[in-house]
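*Asks:* Here you go, sequence then predicted model.
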Amino acid sequence: MYASQWFLTLFAAKFPLHLVFRIMDLFLYEGSNALLAVALALLKRAQKYLIILDFEGIMRYFRVTLPKKYRYEKQADELIHAAYSVRINDKKLKHYEKEYYEMKAANDESDELLNRFKSDDHIETLTRELNATRTMVRDSELDTIRLNEEIENSDSQLNDELEKQTNIHTAKVENMQNRLDHYCDSCKLLLVNDNTHKSSLASIPSSLSQHNALSSSNNSITTSDHSSSTADHERRLSQVEVELAEALRENQQLIHQLQTLAEQKYVDYNSISSNIRRQPQQPNLSVNNWLNKTVNTIKAATRPPSGSLRKH
């Protein structure tokens with residue numbers, strides 16, 4: 001760590017300049033082996049301190065303590081003499097170099113093999129994840145198909161039930177419409193009879209005034225008959241009005257039940273199909289339009305002429 005810094009900067013990073021100048025002179029005179037000799041001399045002179053320190057202590061010693069030892073020229077001269085006395089064998093250096101490159105090649109090969117194993121393991125992991133994902137997608141597609149079938153079956157059942165209930169209530173409404181038409185015909189018949197009776201009374205000849213006794217007896221009989229007929233008409237009209245009101249009340253109840261049932265069926269239909277698709281709200285609108293049209297028709301048919309029920 002620190003030796004590379006020494007070699008790259010020719011010991012100029014931490015050491016005093018007078019020592020650096022001496023090292024450069026030695027480097028220019030001896031060659032690159034002089035740098036190695038200086039480094040070995042530094043380590044040899046600090047050996048007794050380095051062997052008792054831990055890693056952090058050694059780093060601190062190289063960074064602070066060792067450069068301070070050579071602040072003076074006397075210590076620098078001693079270091080240079082020690083470095084100059086170190087003999088380096090070129091054959092051993094070449095042997096160390098060869099051994100270093102062999103170790104480096106072995107390490108590179110082992111690293112390459114390790115990276116290949118890691119790549120194979122990563123590929124296997126990705127393959128397992130891909131298979132698991134495909135299985136999940138296939139299961140999801142099957143669930144989607146099953147849900148679509150259930151929704152279609154539910155839609156069919158709800159449509160059938162809605163159609164059935166619509167037919168039932170349509171028949172009830174038509175029955176009530178027929179009953180209302182019958183009651184209206186009865187009311188019209190009573191009104192026609194009442195008008196006919198009034199016109200017949202108005203066409204009595206004026207000759208009845210000449211016969212007072214006979215006219216009085218006949219008038220009393222006619223008046224009593226007319227009063228009896230009028231009272232009977234009023235009773236029948238009252239009964240028809242009561243039956244008409246009852247029929248209208250029953251019809252309103254049936255219409256309300258039909259609307260409630262149609263809305264409930266539509267709400268059930270939407271709650272089933274809302275997770276996957278959304279159906280337009282046409283059935284509810286069509287049912288409401290049909291009910292409104294039916295109610296308006298019934299009200300128009302059962303609404304009597306102005307003052308006709310009370311005219312007698």
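*Replies:* Right, received. Where do you want to start?
*Asks:* give me the number of residues near Ala12?
*Replies:* Ala12 has 16 neighbouring residues, counting by other C-beta atoms under 10 Å. Every C-beta, even on glycine, is put in place using the N, C-alpha and C of the backbone.
*Asks:* Can you give me the pLDDT of it?
*Replies:* Looking at Ala12, its pLDDT is 75.
*Asks:* I'd guessed it sits against His18; true?
*Replies:* No - with contact defined as C-beta atoms under 8 Å, Ala12 does not count as touching His18 (11.6 Å).
*Asks:* Just the CA atoms of the helix or strand hosting Met59, as PDB, please.
*Replies:* Assigned by DSSP states H and E, Met59 belongs to helix 55-60. C-alpha atoms of helix 55-60 as PDB (Å, rounded to 0.1, in the frame of the first residue of the first chain):
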ATOM      1  CA  PHE A  55      -2.300  -3.000  11.200                       C
ATOM      2  CA  GLU A  56      -3.600   0.400  12.200                       C
ATOM      3  CA  GLY A  57      -0.400   1.100  14.100                       C
ATOM      4  CA  ILE A  58       1.700   0.200  11.100                       C
ATOM      5  CA  MET A  59      -0.300   2.500   8.900                       C
ATOM      6  CA  ARG A  60       0.100   5.300  11.400                       C
END
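*Asks:* now the strands for this protein?
*Replies:* With strands called from DSSP state E, the chain shows none.
*Asks:* where exactly do the helices run in it?
*Replies:* For the chain, applying DSSP state H gives helices covering 2-9, 17-30, 33-45, 47-50, 55-60, 66-68, 73-85, 90-202, 212-273, 282-302.
*Asks:* sorry, back to before: which strands and helices lie in contact with the helix holding Met59?
*Replies:* Using 3 or more C-beta pairs under 8 Å, 6 or more residues apart in numbering; DSSP states H and E as the contact test, no helix or strand touches helix 55-60.
*Asks:* Which helix or strand in the chain has the lowest average pLDDT?
*Replies:* The weakest-scoring helix or strand in the chain, judged by mean pLDDT, DSSP states H and E, is helix 282-302 (a mean of 55).
*Asks:* so what's the backbone phi/psi at Tyr70?
*Replies:* As for Tyr70, its main-chain torsions (degrees, to the nearest 10) stand at phi -120, psi 40.
*Asks:* Next one: it relative to Thr9, how far apart?
*Replies:* Counting by C-beta to C-beta, to the nearest Å, the separation of Tyr70 from Thr9 is 15 Å.
*Asks:* Looking at these two now, which is surrounded by more residues?
*Replies:* Tyr70 (24 against 12).
*Asks:* check contacts around the more buried one.
*Replies:* Counting by C-beta atoms under 8 Å, 6 or more residues apart in numbering, Tyr70 touches 15-16, 19, 76, 79.
*Asks:* and which of those is nearest to Ala231?
*Replies:* Using C-beta to C-beta, Phe15 comes nearest to Ala231 of the contacts of Tyr70, at 141.8 Å.
*Asks:* what about the closest one, neighbour count?
*Replies:* The burial count for Phe15: 24, using other C-beta under 10 Å.
*Asks:* repeat for His169
*Replies:* If we define neighbours as other C-beta under 10 Å, then His169 has 20 of them.
*Asks:* That'll do, ta.
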